[in-house]
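**Q** Structure of the sequence below:
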Amino acid sequence: MNKRPLSPHLQIYRPQITSVLSIMHRITGVGLTFGLLLMAWGLWALAHGPSAYEGFRDCATSPLGKLVLIGFVLSLSYHMLNGVRHLFWDAGLGFKMEAVRASGWAVVIFSFLMTAFFACFYMFF
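**A** Prediction:
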């Protein structure tokens with residue numbers, strides 16, 4: 001077995017906003033896949049009668065179901081806003097580091113604001 005030391009890059013690397021947002025874009029993409037499966041379950045239950053839909057509704061309105069739904073909305077809003085950010089990059093706009101950092105923080109802030117708006121709407125209406 002080889003006893004060479006491992007490269008220290010992960011131990012000394014300081015995460016940057018760009019790398020964290022890139023990783024989060026991938027994670028939210030996977031989360032949206034699972035959220036789509038839950039939406040498909042809801043549509044399946046809706047198509048299979050009141051008792052099937054009641055079971056889905058009971059799961060979706062439980063505290064854990066509400067938390068999952070809010071997480072899905074956070075993933076959706078983040079992924080959508082970061083996708084718009086990438087569209088600007090595809091057009092050749094916003095490549096300076098100041099613009100990259102500012103747009104990254106804007107994506108994070110507006111994602112949480114959109115999710116908070118949805119959560120308030122969902123909880124009170």
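
**Q** for stretch 82-95, what is the average pLDDT?
**A** Mean pLDDT, computed over stretch 82-95, is 97.

**Q** Identify the residues contacting it?
**A** Here stretch 82-95 makes contact (CB atoms under 8 Å, 6 or more residues apart in numbering) with 21, 24-25, 28, 99-100, 103-104, 107. Using the backbone N, CA and C atoms, a C-beta is placed for each residue, glycine as well.

**Q** run the last query once more with 10 Å
**A** Outside stretch 82-95, the residues within contact range by CB atoms under 10 Å, 6 or more residues apart in numbering are 21-22, 24-25, 28-29, 99-100, 102-104, 106-108, 110-111.

**Q** of all those residues, which comes closest to G35?
**A** T28 (9.6 Å; CB to CB).

**Q** the strands in this protein, which residues?
**A** Counting by DSSP state E, the chain forms no strands at all.

**Q** Low-confidence regions, it specifically.
**A** 1, 5-8, 10-11 (pLDDT under 70).

**Q** From the centroid of this protein, which residue is nearest?
**A** Centroid-nearest residue in the chain: S75, 1.8 Å away (criterion: CA atoms, centre = their mean).

**Q** before we move on, the earlier item: of the contacts of stretch 82-95, buried ones?
**A** 21, 24-25, 28, 100, 103-104, 107-108, 111 (16 or more other CB atoms under 10 Å).

**Q** Now intersect the residues you listed with the helices, please.
**A** 21, 24-25, 28, 100, 103-104, 107-108, 111 (DSSP state H).

**Q** Among these, which one lies nearest to H79?
**A** Taking those together and measuring to H79 by CB to CB, the closest member is T28, at 4.4 Å.

**Q** I am finished for the moment; much appreciated.
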